[in-house]
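> Pasting the sequence and the predicted model now:
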Amino acid sequence: MLNISKVSVNKHIDTSKYSVFQKLERRSVSNKLIQLLTVVSILGVLSMFLPWTQNVRSEGFVTTLSPDDRPQGIQSLIDGRIESWKIREGDFVAKGDTVVVISESKQDYLDPKLLERTNDQINAKRSSAGAYSEKAVLLDEQYQNTLNNKQIKLQQNEIKINQYLLKIKSDSLELVAANIKLSNSEKQKNRTQELFDQGIKSLTELENKILSFQESRAKTNYLENKLTESKNEIKNLKNNTSIIVNDFDQKLAKLRAEKMSTLSEKYKADGEASKLETVYSNYDVRSKSYVITSPITGYISETVKQGIGEYIKAGEDIMTIIPADLRRAVEIFVQARDIPLIQKNQEVMIQFDGWPSVVFSGWPQNSIGTFAGRVAAIDNQISKVKKGKYRILIIEDAERDPWPEEILIGGGARSLILLKNVQLYYEVWRQLNGFPPDYYIEEEVDKVKKKAAIRKIK
């Protein structure tokens, strides 16, 4: 009965006569189920004290550690037209093997004798520069000869000046002697005139004295004129020195100007020859670019251009090649809050797409189909691809099982970056509260273990 009313009728009803009351009194749960639940609860509590490896889970892709090992395109240095293919997709090629041959497509380079004619132009310019060089040498010699002639002319003029100076000294002495003689002749003439007037001397003697006086005066005039002419000649020679200097300076300046003009033409010819050599080198490199070779050893993955006769542009991908010998790595992205917990060379367990695996995140040693790795690099800036995350590169652990050869570049991967070993109850508590994993450095843990061992020994 429901016993809703304050007046009970339970004592007036015999429940043993009715089967429905017996079914109600039966237990809905058996003792075995209670025992089972009890055992499960005990095991659950005990399992909370099991060791658990904290980890940071992330997803990423298989890549390579070095940029040289990543798939790369093969381009042409020049515009051209495809003439023939030397490979097929999937072929293995060594470095330097020919992959495709192209032909010229621009009108400026269609001349089959382009290199030969350009070389002739270079030789002509070099010959012209050589001729200008020889002319400059000849002008130098002419300049030196003119300079020597200038010195000779100046020396000759100086010698003449010195000669006239000596002549002036000699004429001056002769003039002094002539003046003395003139003075004596005049005195003699005057005395003879007095004596003639007194009748002592004859007219003939007087005439002789007068004639001697006149001769002395004539000689004196002659010497004076001669001395004046010598002095004038010295002035002319001194003026001639300036004329010689000016005349030869003009000639030397003209030669210098002609030499500078010659050198300018030589340098111009050299510059044009160098420019033509650059053009020749470009033509030569362009002619060698008709054969496109593989830059690395690897496998042809995909041809972007197809067929024969198709035009290609410089720098445009023709095909993709994958290096044969590459060092694989896994590229993952982790939250910014987990970056302080990750260090280089830290252990990581990886699960690859397409590779059967059973993962126990807290017990990595019991996981099946996972492979070990080590943290090789951590980006110092946030990723532009995955907003709010940092990129980490993981390489193969050389001390553990190698990664399968079937793993290819670009495949997916999931990683477990292993951290500290804790009890399971602590990990559950941490997860419920949203705390980050605990971080530790192995060296510090080893120091703690050593100190504990020393204490036990003591």
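Everything's here; your move. Numbers count the residues shown, from 1 in each chain.

> where does the stretch 351-458 of the chain have low pLDDT?
Scanning the stretch 351-458 of the chain with the threshold set as pLDDT under 70 gives 356-369, 420-423, 427, 431, 434-436, 438-458.

> beta partners for residue 378?
For residue 378, the beta-bridge partners are residue 392 (DSSP bridges).

> show me the contacts for it.
Each residue near residue 378 by Cβ atoms under 8 Å, 6 or more residues apart in numbering is listed here: 339, 342, 344, 390, 391, 392, 393. From N, CA and C alone the C-beta is placed, and that goes for glycine too.

> which one of the residues you listed has the most neighbours?
Using other Cβ atoms under 10 Å as the neighbour criterion, residue 392 leads the contacts of residue 378 with 28 neighbours.

> pretty sure it contacts residue 332?
Yes - with contacts counted by Cβ atoms under 8 Å, residue 392 reaches residue 332, the gap being 5.2 Å.

> list the residues that contact both of these two?
Counting by Cβ under 8 Å, 6+ apart, the residues touching both residue 392 and residue 332 are residue 58.

> rewinding a little: in JSON lines, list the contacts of residue 378 along with distance to residue 326.
JSON lines is the format used below for the contacts of residue 378 (distance: Cβ to Cβ, whole Å):
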{"residue": "339", "distance to residue 326": "27"}
{"residue": "342", "distance to residue 326": "25"}
{"residue": "344", "distance to residue 326": "21"}
{"residue": "390", "distance to residue 326": "24"}
{"residue": "391", "distance to residue 326": "19"}
{"residue": "392", "distance to residue 326": "19"}
{"residue": "393", "distance to residue 326": "14"}
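
> Can you tell me which of these is closest to residue 58?
residue 392 (7.8 Å; Cβ to Cβ).

> would residue 385 count as being in a helix?
No - secondary structure of residue 385 (DSSP: H, G, I helix; E, B strand; the rest coil): coil, not part of a helix.

> Which stretches in the stretch 1-150 of the chain count as helices?
With DSSP state H, counting those that start in this stretch, the ranges of helices along the stretch 1-150 of the chain come out as 19-25, 31-47, 114-198.

> got any ranges where the protein has weak pLDDT?
Across the chain, the ranges flagged by pLDDT under 70 are 1-18, 20-30, 52, 54, 356-369, 420-423, 427, 431, 434-436, 438-458.

> which phi and psi does the residue lying farthest from the centre of it have?
Distance from the C-alpha centroid of the chain peaks at residue 199, with 124.9 Å (Cα atoms, centre = their mean). Backbone torsions for residue 199, taken as degrees, to the nearest 10, come to phi 90, psi 10.

> Residue 328 too?
Main-chain torsions, residue 328, degrees, to the nearest 10: phi -70, psi 160.

> residues contacting it?
With contact taken as Cβ under 8 Å, 6+ apart, residue 328 is in contact with 62, 63, 64, 65, 395, 396, 403, 407, 409.

> go again using 10 Å as the cut-off
Shown in contact with residue 328 (Cβ atoms under 10 Å, 6 or more residues apart in numbering): 62-65, 69, 373, 394-396, 403, 405, 407-409, 411.

> Next: residue 105.
By Cβ under 10 Å, 6+ apart, the contact set of residue 105 is 78, 79, 80, 81, 311, 312, 313.

> Buried subset of these, written for ChimeraX?
Here is the ChimeraX selection string for the buried members of those, based on 16 or more other Cβ atoms under 10 Å:
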select :78,79,80,312
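
> Closest to residue 170 out of the contacts of residue 105?
Looking across the contacts of residue 105 and measuring by Cβ to Cβ, the closest to residue 170 is residue 78, at 91.8 Å.

> hang on, the closest one packs against residue 311?
No - applying Cβ atoms under 10 Å as the test, residue 78 and residue 311 come out as separate, 11.5 Å apart.

> Between these two, which contacts overlap?
What both residue 78 and residue 311 touch, as defined by Cβ under 10 Å, 6+ apart, is the set 102, 105.

> so can I have TSV of the helices of the stretch 1-150 of the chain showing mean neighbour count?
Output for the helices of the stretch 1-150 of the chain, formatted as TSV (neighbours: other Cβ atoms under 10 Å):
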stretch	mean neighbour count
helix 19-25	9
helix 31-47	10
helix 114-198	15
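
> Distance to residue 98 added to those, as CSV?
Converted to CSV, the helices of the stretch 1-150 of the chain look like this (distance: least, Cβ to Cβ, whole Å):
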stretch, distance to residue 98
helix 19-25, 93
helix 31-47, 66
helix 114-198, 21
